[in-house]
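Enquirer: Below are the sequence and a predicted model; questions follow.
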Amino acid sequence: MAAESVVDYDAIRKMGRKLEREQRNLKIRKFLRNRQSVAGLFIVAGVLLVALAGPPALNTSPFAVDVSNRLKPPSVEHWFGTDTLGRDVFTRVIYGARISMIVGFSVGIISGALGMLIGLYAVSSRRLDVILMRLCDGLKSIPSILMAIALMTVLGADIKNVIISLAIVNTPNMGRLARSAALVVKEQTYIEAMRGLGARPRRILFRHIAPNIISPMIVQMTFVFASAIITEAALSYLGAGVPPPQPSWGSILSEGRGVIYNAQWMIFFPGIITALTVLGLNLFGDGMRDLLDPLSS
């Protein structure tokens, strides 16, 4: 009888794993059937590939100045034309992709991790909940671009400081999302059962609640990624972001502002690349939401 019982339990576990695989495959097929999500995935993958492999493959430097070729229109030699100092705009846009990807990815990861910690500790204690949520409300009451500019003014223009500033700006939203998801999980029956069995609060918080709020956090991180790229470009455009001569999509747009009537390509190409990247991230984020959210239709 004991042997038969073991065999039955093994069969149940195998069936459970099979059902999980089938459910995962169904969600993946659903994602692949969504043309917009797949298009977003290809755009994001393409930009990441360009950011990683593009700069080493180029033979030109983004800092190479050639005044004799300043403000040349797009050609076979200079695909995106040249800027006011004769630098190749295509090369600078490719190098700018690396900066944008580094900033967006870092801000998404940092703000997601901090937001998850804030949300988890907020649901663990009413006193902490009041303190942390009021702090988040206070930070959210300030327009994000103004807060980012103020932080950059204090910290100084540097890519590390851009990441720190944008992570601070985006953490309150991530913390509120983590808190909302954690409150839902906290009221589940199995969490009550763990408390009844004497499990420590910290174990319940990080071993049982945290893994179940990762999915919505990952989805939101893709949107934070896109938002960070836009905000970094805005900061660089205003001169408060990545310092020159480092190529950034925002700084290239800022340089082209003064010659917009004579060299439209300096505005057109970095603007289009920025818009496509953000669009791809948003489409990909929508697909990830459908893939990871068990309540999505």
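Expert: Yep, that arrived.

Enquirer: which one's the longest helix in this structure?
Expert: helix 89-124 (DSSP state H).

Enquirer: May I have the residues that are in contact with residue 207?
Expert: Neighbour list for residue 207: empty [criterion: C-beta atoms under 8 Å, 6 or more residues apart in numbering]. All C-beta spots, glycine's among them, are computed from the backbone N, C-alpha and C.

Enquirer: That one and residue 120, how far apart?
Expert: Here residue 207 is placed at a distance of 11 Å from residue 120 (C-beta to C-beta, to the nearest Å).

Enquirer: And residue 125, what's its pLDDT?
Expert: Note for residue 125: predicted pLDDT of 84.

Enquirer: ugh, typo on my part, it should be residue 4
Expert: For residue 4, pLDDT reads 46.

Enquirer: what packs against whichever helix or strand comes after the longest helix of the chain?
Expert: Using DSSP states H and E, the helix or strand that follows helix 89-124 in sequence is helix 126-140. Judged by 3 or more C-beta pairs under 8 Å, 6 or more residues apart in numbering; DSSP states H and E, helix 126-140 is in contact with helix 89-124, helix 159-186.

Enquirer: Reformat these as a markdown table; add distance to residue 194 and mean neighbour count.
Expert: Conversion of these to a markdown table gives the following (distance: least, C-beta to C-beta, whole Å; neighbours: other C-beta atoms under 10 Å):
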| stretch | distance to residue 194 | mean neighbour count |
| --- | --- | --- |
| helix 89-124 | 14 | 22 |
| helix 159-186 | 11 | 21 |
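
Enquirer: want to throw those into TSV with distance to residue 284?
Expert: Listed next are the helices and strands packed on helix 126-140 as TSV, based on distance: least, C-beta to C-beta, whole Å:
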stretch	distance to residue 284
helix 89-124	12
helix 159-186	18
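
Enquirer: if we compare those, which one ends up closest to residue 145?
Expert: Among the helices and strands packed on helix 126-140, the nearest to residue 145 by C-beta to C-beta is helix 159-186 (8.4 Å).

Enquirer: averaged over its residues, what pLDDT does whichever helix or strand comes after the closest one have?
Expert: Scanning forward in sequence from helix 159-186 by DSSP H and E, the next helix or strand is helix 189-196. Taken as a whole, helix 189-196 has a mean pLDDT of 80.

Enquirer: What lies in contact with the next helix or strand after helix 189-196?
Expert: Using DSSP H and E, the next helix or strand after helix 189-196 towards the C-terminus is helix 201-203. By C-beta under 8 Å, 6+ apart, the surrounding residues in contact with helix 201-203 are 124, 194.

Enquirer: Mind listing what's buried along helix 201-203?
Expert: By 16 or more other C-beta atoms under 10 Å, helix 201-203 has no buried positions at all.

Enquirer: Check which helices and strands the following helix or strand past it sits against.
Expert: Following helix 201-203 in sequence order, the next helix or strand is helix 214-238 (DSSP H and E). Counting contacts by 3+ C-beta pairs under 8 Å, 6+ apart, helix 214-238 packs against helix 89-124, helix 144-155, helix 159-186, helix 249-257, helix 265-292.
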